[in-house]
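Colleague: Got a predicted structure here, sequence first:
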Amino acid sequence: MPPQFADTTTRVVLKVDVDTRVGLLVGVRRLADLMAELGVRASFFIAMGPDNSGHALKRLTRPGFLQKQLKSGAAAAYGLRTMLYGLLLPAPIIAQAAPGLFNRLINEGHEVGLHGWDHVFWHDRVRHLDRATTADHLTRAVDLFRRITGFAPSSFAAPGWQVSADALEIMAELGISHVSCTRGRSPFLTVAHGRVLPLVELPTTVPTADEVLSRPEVTPANLGPWLADQVRPGELNVLTLHAEVEGRELLPAFREFLTILLARGARFPRLLDAARQAADTPLPAEEIAWGQAPYRIGEVAFQPSALETAA
């Protein structure tokens, strides 16, 4: 094991994306239990609307997609029933499946934010979506969040790192203050249509479990230590995990990951806390670029200044 971090400036934001009904009902509960046991806080981003996971089956036509899903365990984590939602089974409204979990997470000190309305629709279409439809999706998500919690959300994480300039502008208009929609290296202010927005972007900096497991030398058995070694000492790190995956099949690996980092002295601020701290310093303003992350199929939104390094 590498030596302990020299100080407590190593920070790891746990950004938990909740894409599906099973992720909310099962994965979130298990992750919350584990974090309560270890004294760790996270930021949970919940897809509020219909679970149309069945529509994601069309991605099976992408070269290498099925093989990657099988190796990472994602296919087993989502389950057959989930993969039929929106096709042979009605698409349930995810947030309404367990509204009480919102209050549990908040009461235990976690952050809860938006992961869109219809996860699959946003992931596959938002880059080329008209402004009115984008606004409708975001407004629906905000309204349901407000009805469940009693307050408006202040954060948003984009499904699959897919976003548009229109979406970012609308988020700012709806009162969102901090987002995590890109891959990159450090916090920045987002630029849309040539205008700097009051949105602090905290990009994902650590490779995700499914990307890591696509590497030939990594298996679920050594995933925790391998992923822990990707955390940059003395810096702010953002790890995206999925309630359906790390909250179910990969929960033992995630426990090992947390245990290793806690032993090394890492701290785990919420995205909200990290964004507030970042906003106290001058931040660069950057307009989102597009590129391909290693071991991930398709383009994702990137922090431009970090794109060359990723390539």
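Modeller: Sure thing, it's come through. Numbering: from 1, shown residues only.

Colleague: When you work out contacts or count neighbours from here on, use the C-alpha atoms and nothing else.
Modeller: OK.

Colleague: In terms of pLDDT, where does Gly54 sit?
Modeller: With respect to pLDDT, Gly54 scores 85.

Colleague: Would you mind measuring from it to Phe121?
Modeller: 11 Å (Cα to Cα, to the nearest Å).

Colleague: In this structure, where is pLDDT below threshold?
Modeller: Counting by pLDDT under 70, the chain has low-confidence residues at 1-8, 56-78, 80, 82, 86-88, 309-311.

Colleague: switch to 50 and redo it
Modeller: Along the chain, the parts satisfying pLDDT under 50 run over 1, 3, 60-62, 65-66, 69-72.

Colleague: on that earlier part again, give the intersection of the neighbour lists for Gly54 and Phe121.
Modeller: The contact sets of Gly54 and Phe121 do not overlap (Cα atoms under 8 Å, 6 or more residues apart in numbering).

Colleague: what about stretch 288-302, distance to the chain center?
Modeller: 15 Å (Cα atoms, centre = their mean, to the nearest Å).

Colleague: Name the residues of that stretch that are buried.
Modeller: Ile288, Ala289, Trp290, Gly291, Gln292, Ala293, Arg296, Val300, Ala301, Phe302 (16 or more other Cα atoms under 10 Å).

Colleague: now the end-to-end length of that stretch.
Modeller: End-to-end distance of stretch 288-302 (Cα to Cα): 6 Å.

Colleague: Equivalent analysis for stretch 29-47, please.
Modeller: Start and end residues of stretch 29-47 are separated by 16 Å (Cα to Cα).

Colleague: what's in contact with stretch 281-296?
Modeller: 182-183, 187-192, 194, 196, 211-212, 214-215, 298-304, 307, 310-311.

Colleague: What's the separation between Met171 and His178?
Modeller: Going from Met171 to His178 by Cα to Cα gives 9 Å.

Colleague: follow-up on the earlier one: among the contacts of stretch 281-296, which are located in strands?
Modeller: Within these, residues falling in strands by DSSP state E are Phe188, Leu189, Thr190, Val191, Ala192, Val196, Val300, Ala301, Phe302.

Colleague: Looking at those, which two lie furthest apart in space?
Modeller: Greatest spatial distance among these (Cα to Cα): Val196 and Val300, at 20.9 Å.

Colleague: Mind checking which of the contacts of stretch 281-296 are buried?
Modeller: Applying 16+ other Cα under 10 Å to the contacts of stretch 281-296 flags 182-183, 187-192, 211-212, 214, 300-304, 307 as buried.

Colleague: Buried residues of the longest helix along the chain, list them for me.
Modeller: When the chain is parsed with DSSP state H, its longest helix is helix 131-149. Buried residues in helix 131-149, counted by 16+ other Cα under 10 Å: Thr134, Ala135, His137, Leu138, Thr139, Arg140, Ala141, Val142, Leu144, Phe145, Ile148.

Colleague: How about stretch 99-107?
Modeller: Pro99, Leu101, Phe102, Leu105.

Colleague: Among those, which ones are in strands?
Modeller: Using DSSP E, none of these sit in strands.

Colleague: what are the ranges of the strands in the protein?
Modeller: So, for the chain - with DSSP E - the strands run 11-18, 43-46, 111-114, 155-157, 178-180, 188-192, 195-201, 236-242, 285-287, 289-291, 300-302.

Colleague: Residues touching the third one, excluding its own?
Modeller: Strand 111-114 is touched from outside by 42-48, 102, 105-106, 141-142, 145, 153-157, 270-272, with contacts defined as Cα under 8 Å, 6+ apart.
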